[in-house]
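1. Sequence first, then the predicted structure, then my questions.
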Amino acid sequence: MKKYLYLSVLISLFTLLASCSTADPDAELAAFKEAIRAKYDLKEQAFSDNDPMPIVDRFYTEDAISTGPDTYVRGREQLIEQYKQVIASTVRIESVHTHVNGNAGWDWANFYVTPPDPEAEPFALVILFLWEKRDGEWWSPGEMYMVGELK
């Protein structure tokens, strides 16, 4: 009798594990894209409002790193100083290649910038955003960028 009980428990565990491992990867990717699009919309709106605080407080983790050709900042205090210098620009973020696996993901994106000075030329940055799900919400713990555009 114990033998059948153990066998029943094992079969139940294998069934449970199989159902967990066969989660729909397309649904996971779609949900991730929707969540980070909301974060990108928040970031675009913050630029439009000339207010860096939503970006710093609701987009990045407290220990986030942002690095580019001439810049390396770490943490929200340094991020706020960086964003104060550029917040008057208009931006648009376009996801190009997105990947997610569980609570971690990344997104290659084009980051289009129009400076507030009408004499300045608009430009694009290629940004690799890193993403981590914490307590059910996606946060960016870092990014790396360079001038250019992904096709």
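-> Sure thing, it's come through.
2. all helices of the chain, in order?
-> Counting by DSSP state H, the chain has these helices, from start to end: 2-21, 25-48, 53-58, 76-86.
3. and those helices, which one's lowest on average pLDDT?
-> Least confident of the helices of the chain, judged by mean pLDDT, is helix 2-21 with a mean of 43.
4. ok, the residue nearest the centre of the chain - contacts?
-> Most central residue of the chain, judged by C-alpha distance to the mean C-alpha position with Cα atoms, centre = their mean, is Trp131 at 4.1 Å. Contact analysis of Trp131 by Cβ atoms under 8 Å, 6 or more residues apart in numbering lists Phe32, Ile36, Val100, Ala104, Gly105, Trp106, Asp107, Trp138, Trp139, Ser140, Pro141. Just so you know, the C-beta spots here come from the backbone N, C-alpha and C atoms, and that holds for glycine as well.
5. I'd like to know which of these are part of strands.
-> Val100, Ala104, Gly105, Trp106, Asp107, Trp138, Trp139, Ser140, Pro141 (DSSP state E).
6. Of those residues, which is the nearest to Asp41?
-> Using Cβ to Cβ, the shortest approach to Asp41 within the ones in strands among the contacts of Trp131 belongs to Trp138, at 12.9 Å.
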